[in-house]
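> the sequence and its predicted three-dimensional model are supplied below.
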There are 2 protein chains.
Amino acid sequence: MLIGEYKHTLDEKKRISIPSKFRTVLGKKVVITKGLDNCLSMYPLKDWNKIAMQLGELSFTQSDARNFNRFLLASAHEVSIDSAGRILIPDNLCSFANIKSKAVFAGIYNRVEIWDETAWEEFNEKVSKNADQIAEKLGEIGAI
Amino acid sequence: MLIGEYKHTLDEKKRISIPSKFRTVLGKKVVITKGLDNCLSMYPLKDWNKIAMQLGELSFTQSDARNFNRFLLASAHEVSIDSAGRILIPDNLCSFANIKSKAVFAGIYNRVEIWDETAWEEFNEKVSKNADQIAEKLGEIGAI
DNA sequence: TAACTTGAGTGGGATAAAGTGGTAAATTAT
DNA sequence: ATAATTTACCACTTTATCCCACTCAAGTTA
C-alpha cells in the first residue's frame, strides 16, 4: 500500500527520486498523468492498464468521452525508474503542476500524488482548517 | 498503448517526425484521416482496416452514415514512415487541421491525434475547466 | 564512542538516439 | 527532352538516456 509523505528535489534535468518506500510497490515502470487540483498522479503500470482500458472503451463519437480521453490519456506518460530510483518528469506535466525545485510525494492507497512544495503546503493549510467540517460531512455519509 | 503528448515542427516539405515512443506501435505504415474537432487522426494500418470495415457496414441509405463515411473514408490517406521516422502530411489534411509549423501529437489509446499547436492549447484550456466532471468519471472507474 | 558499512539522495559527464535540415536521385508531367 | 515535383538518403545539431561518483545520514560493530 502506498502511504506517507516525502519531500524530494527536482534537479536541473527534471529528474526526481522516488521515495524508496514506494519503489517495491511501483515496480520498474510507472505512468504519470495530470491529477486534480493541479497535482500529478502516478500509478504502477499494471494498475494504469486497467484504467486506460476502461477509458479506451468509452465511445469516441460522444464529445464528452472524447474530450475526457484527450485530457487523461494524452497527458499520461509511461516513465521508467532508473538505476538510482529516479524518474524523469515530462516537461508539460512539470509545468502543469508548477513544480519548480521541491516536490512532495504523497502516497494515497493505490496511487502517488506529486505536488509542488508550496502548493502542497497551501492545500494542507486550507484542508486542516476545514478538517472538522469535512469530518462531519463524512460522518453523515457513514464513512467514518 | 498510445499515450502522451509531444510537440514537433513541420518543415517546409510538410514532413514531420513521429514521436519515437509511438513508432513501435504504429509500425511502418499508418493511415491519416480527418478527426473530430478539427484535428487529424492517425491509426496503425492494421487497426484502420478494422475501423474502415465497421464504417463500411453502416447503412448507406441513411444520410448521416453516408456523410460520416464520406468525411472519414474519403479523406483517409495511407502514408509510410520514412527512415528518419517522419511522415508526409497530405496537403488537404494539413489545411483542414490548420497546421502551420508546430503540431502536437497526442496518443489516445489506439490512435494518435495531430493538432495545430495553438488549437491544442485552446482546447486544453477549455477542458481543464471541467475538472469536476472529470473527477466524477474517474471516480466511477475507480481511479481515484 | 569512534570507525566502518550500507543505502538513499543528488549531481555531472559520456554516449547514443532523436529531431531536423538539406542534397541527390528518380519519377512524373509538360 | 526538360522542368518540376516527389522520394529516398545522408549529415548535422540537439536532446535524452545511461552510467558512474560523491555526499550525507543512519545503523552496526568493534
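On my side now, so go ahead.
> can you list the residues of chain A near DNA strand C?
Taking Cβ under 7 Å from any atom of the strand as the criterion, the neighbours of DNA strand C within chain A are A:6, A:8-9, A:11-13, A:16-20, A:84-86. For glycine as for every other residue, the C-beta is placed from the backbone atoms N, C-alpha and C.
> which ones are touching the residue nearest the centre of chain A?
Central residue of chain A (Cα atoms, centre = their mean): A:S41, 1.4 Å from the mean position. Residues near A:S41 by Cβ atoms under 8 Å, 6 or more residues apart in numbering or on different chains: A:I32, A:T33, A:K34, A:G35, A:R111, A:V112, A:E113, A:I114, B:A143, B:I144.
> now it: how far from B:N130?
Using Cβ to Cβ, to the nearest Å, one obtains 17 Å as the distance from A:S41 to B:N130.
> and if you look at A:V104?
26 Å.
> then A:K7?
31 Å.
> in chain A, which spans are strands?
All strands of chain A, identified by DSSP state E, fall at A:2-9, A:15-17, A:29-34, A:40-44, A:77-80, A:86-88, A:102-109, A:111-116.
> list the helices and strands the third one packs on?
Taking 3 or more Cβ pairs under 8 Å, 6 or more residues apart in numbering or on different chains; DSSP states H and E as the contact definition, the neighbouring helices and strands of strand A:29-34 are strand A:40-44, helix A:45-56, helix A:63-74, strand A:77-80, helix A:91-96.
> A:L138: which of the ones you listed is closest?
strand A:40-44 (22.0 Å; Cβ to Cβ).
> how about low-confidence regions in chain A?
Residue ranges of chain A with pLDDT under 70: A:60.
> residues of it that sit close to chain B?
By the rule Cβ under 8 Å from any Cβ of the partner chain, the part of chain A lying against chain B is A:31, A:36, A:41, A:43, A:49, A:51-52, A:54-56, A:60, A:63-64, A:66-78, A:90, A:92, A:111.
> among those residues, which ones are buried?
Among these, the ones that count as buried by 16 or more other Cβ atoms under 10 Å in any protein chain shown are A:31, A:41, A:43, A:51-52, A:55-56, A:60, A:66-78, A:90, A:92, A:111.
> about what we covered before: name the nearest residue to the residue nearest to the centre of chain A, sequence neighbours excluded.
Among residues not flanking A:S41 along the chain, A:G35 sits closest, at 3.9 Å (Cβ to Cβ, 6 or more residues apart in numbering or on different chains).
> from A:A76, how far out is A:I134?
29 Å.
> sorry, slip of the keys, the one I care about is A:L88.
A:L88 is 14 Å from A:A76, where distance means Cβ to Cβ.
> ok, back up a step: just flag the most distant two among the residues of chain A next to DNA strand C.
It's A:E12 and A:S20 that sit farthest apart of the residues of chain A next to DNA strand C, by Cβ to Cβ, at 22.4 Å.
> these two: who's more crowded?
Applying other Cβ atoms under 10 Å in any protein chain shown to A:E12 and A:S20 shows that A:S20 carries more neighbours, namely 9 against 6.
> neighbours around the closest residue to that one other than its chain neighbours, how many?
In space, and not counting its chain neighbours, A:S20 is closest to A:G85: 6.5 Å by Cβ to Cβ, 6+ apart. Around A:G85 there are 14 other residues, counting by other Cβ under 10 Å.
> I appreciate the help and will end here.
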